[in-house]
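Trainee: missing the sequence, but the structure's below:
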Ligand SMILES: NC(=O)c1ccc[n+]([C@@H]2O[C@H](COP(=O)([O-])OP(=O)(O)OC[C@H]3O[C@@H](n4cnc5c(N)ncnc54)[C@H](OP(=O)(O)O)[C@@H]3O)[C@@H](O)[C@H]2O)c1
């Protein structure tokens, strides 16, 4: 695996169609912009059509000939996921699916999705599981599925007996649990792909600690009150990075021709830096957990996922 990856000089993505969930904001936005600049046709799957249009206009200011589409998607409602998948299947073949969108701020008290799933695990994992399964027939033979992992999995333990925080809810724990599930899914999908000799790949990326205040400005997308921007710059410039750099591990997972299925990319200095391969937390990457999670996800989403 090559480590001479230059996030500012991507290989051409001409001819590839790439779906980015949550492509209208944050890391998803910069992922979409960077891939569009490299020539990909990028589909922003976003819950707000207006914010998606604003993001497309922002990308076009940077990349005037960008090929862009948008599809409505709310990951906290499985009916919306199914509608989005119907629409996305018409754009086949899809060469990459970037499961980026995320609820990053947990409510103080436990909440549930339209389908009764705990909100964070429902939106960040179960919705993406269903989307990936429903899009499976539309993926190219060498397609990549990229999940958005997190270092929060190192700070809060996986509790296989209480994945949806029924017994105990704490906001950060619920977020970290949702990311354990994202990790578990990525590595289980990788194992299943290898077992079948598939040409498709499952990868994981985490952006480090990525904030808007340190990112390049994109009017309408990265707007912050001046005070908040200044505070973020002062507080985080030594430990974090902009969401534009936070997109680098994600983009590497999508675009590095040498990237292998099962690779987890993240910044070299943990919270910031050059995108490099990393080791995941063992608990959520384990085959036993992965197999249990897959069955649970099929049952709770009502979507069968045959690889
Ligand atoms: N920033 C970090 O330091 C960091 C660290 C580790 C992992 N991550 C992960 O990176 C990903 C992106 O984070 P970010 O910092 O870019 O967050 P962000 O700026 O808050 O953007 C989140 C994106 O997800 C979308 N989204 C939220 N709920 C959704 C739903 N129910 N259905 C569809 N889309 C939804 C948002 O749409 P709206 O614009 O409509 O709200 C937005 O486009 C997340 O998965 C997060 O967990 C981030």
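Mentor: Great, that's in hand. Please read all numbers here as calculations on a predicted model, not as lab measurements.

Trainee: Using the three-state scheme, assign residue 45.
Mentor: Following DSSP: H, G, I helix; E, B strand; the rest coil, the label given to residue 45 is strand.

Trainee: beta partners of it?
Mentor: Note on residue 45: beta-bridge partners by DSSP bridges are residue 21, residue 71.

Trainee: Next, the contact list for it, please.
Mentor: Residues in contact with residue 45, defined by C-beta atoms under 8 Å, 6 or more residues apart in numbering, are 19-23, 70-73, 84, 88, 101. Glycine gets a C-beta too; all of them are placed from N, C-alpha and C.

Trainee: ditto for residue 102
Mentor: Counted by C-beta under 8 Å, 6+ apart, residue 102 has contacts 22, 123-124, 148, 178.

Trainee: Kindly recompute the last result at 10 Å.
Mentor: 21-22, 26-28, 75, 120, 123-125, 128, 148, 150, 175, 178-179, 182 (C-beta atoms under 10 Å, 6 or more residues apart in numbering).

Trainee: go on, residue 58?
Mentor: Contacts of residue 58 (C-beta under 10 Å, 6+ apart): 24, 29, 32-33, 217-222.

Trainee: now, which of those sits nearest the ligand?
Mentor: residue 24 (4.7 Å; C-beta to the nearest ligand atom).

Trainee: pretty sure the closest one is in contact with residue 68, am I right?
Mentor: No - look at residue 24 against residue 68 with C-beta atoms under 10 Å: they stay out of range, at 11.1 Å.

Trainee: which neighbours do those two share?
Mentor: 32, 44, 52-53, 55-56.

Trainee: mind checking how far the residue nearest to residue 287 when sequence neighbours are not counted is from residue 208?
Mentor: Among residues not flanking residue 287 along the chain, residue 191 sits closest, at 6.2 Å (C-beta to C-beta, 6 or more residues apart in numbering). Per C-beta to C-beta, to the nearest Å, residue 191 is found 26 Å from residue 208.

Trainee: ok, these two, which is more surrounded?
Mentor: residue 208 (22 against 18; other C-beta atoms under 10 Å).

Trainee: list the contacts for the more buried one?
Mentor: Residue 208 touches 150-151, 239-241, 245-246, 248-249, 266-273, 275, counting by C-beta under 10 Å, 6+ apart.

Trainee: filter the residues you listed down to the ones close to the ligand.
Mentor: 150, 246 (C-beta under 6 Å from any ligand atom).

Trainee: Helices - which of the contacts of residue 208 land there?
Mentor: 245-246, 248-249 (DSSP state H).

Trainee: for the residues you listed, which one is nearest the ligand?
Mentor: Closest to the ligand, out of all of the ones in helices among the contacts of residue 208 and judged by C-beta to the nearest ligand atom, is residue 246, at 5.7 Å.

Trainee: what sits against that closest one?
Mentor: Contacts of residue 246 by C-beta under 10 Å, 6+ apart are 26-27, 30-31, 148, 205-212, 214-215, 240, 266-267, 271-272, 275.

Trainee: The same query, at a cut-off of 7 Å, please.
Mentor: 27, 207-208, 210 (C-beta atoms under 7 Å, 6 or more residues apart in numbering).

Trainee: just residue 41 next, same as before
Mentor: So residue 41 contacts 17, 67 (C-beta under 7 Å, 6+ apart).
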